[in-house]
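Colleague: everything below, folded, please.
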Amino acid sequence: MASNDYDNLDSIPLAPPVQNYQHLALKVDPSMLEGSKFVFEGDESKKRSLGEIMFFSIGTSYITGLTTGGLWGLVEHYRTFDGTSAVLKRNHLLNSITKRGTFLGNSLGVVALLYTASSGLIGKFARDGKDDIVNDIAGGMATGAIYKCTKGRQVIPFIIAGAVAGFMCNVIGSTINEGVSHAPQIAKEAMQDTVRILTGKD
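Modeller: Numbers count the residues shown, from 1 in each chain. Just a heads-up that it's a prediction; the model follows:
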């Protein structure tokens, strides 16, 4: 009797093979698992280039400014327009949105450009490639000084505000990278680093 493809069915196991991996949908804290958090060896030492950081920061800031300024112009339109003509109403609405949107978008884009360039160049050339909170605070101060350099002595509040903004950017960026649950510890460490720098212990 000739054999066919169904003669060896009894030898095929019906039970599924043992799976020695974890399902990706499981809610497991990566820090509790063994092994590296990076795909390839050496990835932990790789960082985004200054150009990549500037591209992302400037684009995000500009779009945020356009959106926020557009909403600002929309609210301003409904508060100030008192005409009845549909044509005038539409023109006034468009003028209000484009006026505030472009103003805020361009302003935030310029600030992001100055901040990312200042902090990146300070870390690369003035601090031999170090990447810590000093770069963010110094970059914020430089941004405030350059952005309002024509104000004379009135630039001092902007320098202080830039330092505070640089500190907040460092905390927010670290929180995004590490997770919201680490925010209190990140803020505490950032404050300790700032105090150490101000007291000359860095």
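Colleague: list the buried residues for the helix or strand of the chain with the lowest mean pLDDT?
Modeller: Taking mean pLDDT, DSSP states H and E as the measure, the chain has helix 183-198 as its least confident helix or strand, at a mean of 80. Along helix 183-198, these residues count as buried under the neighbour rule (16 or more other C-beta atoms under 10 Å): Ile186, Ala187, Ala190, Asp193, Thr194. C-beta: built from backbone N, CA, C; applies to glycine.
Colleague: ok, so of those, who is nearest Asp132?
Modeller: Asp193 (6.9 Å; C-beta to C-beta).
Colleague: ok, now how distant is the residue nearest to the closest one when sequence neighbours are not counted from Met168?
Modeller: Leaving aside its sequence neighbours, Asp193 sits nearest to Ile133 (C-beta to C-beta, 6 or more residues apart in numbering; 5.0 Å). Going from Ile133 to Met168 by C-beta to C-beta, to the nearest Å gives 11 Å.
Colleague: give me the more crowded residue out of the two.
Modeller: Remark: of Ile133 and Met168, Ile133 carries more neighbours, 22 against 14, as counted by other C-beta atoms under 10 Å.
Colleague: quick one, grab the pLDDT at the more buried one.
Modeller: We have a pLDDT of 83 for Ile133.
Colleague: can you give me the helices in this structure?
Modeller: With DSSP state H as the criterion, the chain has helices at 50-80, 86-121, 133-147, 156-178, 183-198.
Colleague: which residues touch the spatially most central residue of the chain?
Modeller: Nearest to the geometric centre of the chain sits Gly173, at 5.7 Å (C-alpha atoms, centre = their mean). Residues near Gly173 by C-beta atoms under 8 Å, 6 or more residues apart in numbering: none.
Colleague: quick check: pLDDT value at it.
Modeller: Note on Gly173: pLDDT of 81.
Colleague: how far away is it from Asp132?
Modeller: Distance, Gly173 to Asp132, using C-beta to C-beta: 12 Å.
Colleague: closest to Val180 among the buried residues of helix 183-198?
Modeller: Checking the buried residues of helix 183-198 against Val180 by C-beta to C-beta gives Ile186 as the nearest, at 9.8 Å.
Colleague: excluding residues flanking it in the chain, which one is nearest that closest one?
Modeller: Sequence neighbours aside, Ser174 is the residue nearest to Ile186 in space, at 4.6 Å (criterion: C-beta to C-beta, 6+ apart).
Colleague: shouldn't the one you found be in contact with Ala190?
Modeller: Yes: contact criterion C-beta atoms under 8 Å: Ser174 and Ala190 qualify, at 7.3 Å.
Colleague: pLDDT weak spots in this protein?
Modeller: Applying pLDDT under 70 to the chain picks out residues 1-46, 198, 200-202.
Colleague: tell me which residues in stretch 154-167 are buried?
Modeller: Buried-residue list, stretch 154-167, by 16+ other C-beta under 10 Å: Val155, Phe158, Ile159, Gly162, Ala163, Ala165, Gly166, Phe167.
Colleague: reformat the residues you listed as JSON lines; add distance to Val75.
Modeller: Below are the buried residues of stretch 154-167 laid out as JSON lines (distance: C-beta to C-beta, whole Å):
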{"residue": "Val155", "distance to Val75": "31"}
{"residue": "Phe158", "distance to Val75": "27"}
{"residue": "Ile159", "distance to Val75": "31"}
{"residue": "Gly162", "distance to Val75": "28"}
{"residue": "Ala163", "distance to Val75": "31"}
{"residue": "Ala165", "distance to Val75": "25"}
{"residue": "Gly166", "distance to Val75": "30"}
{"residue": "Phe167", "distance to Val75": "31"}
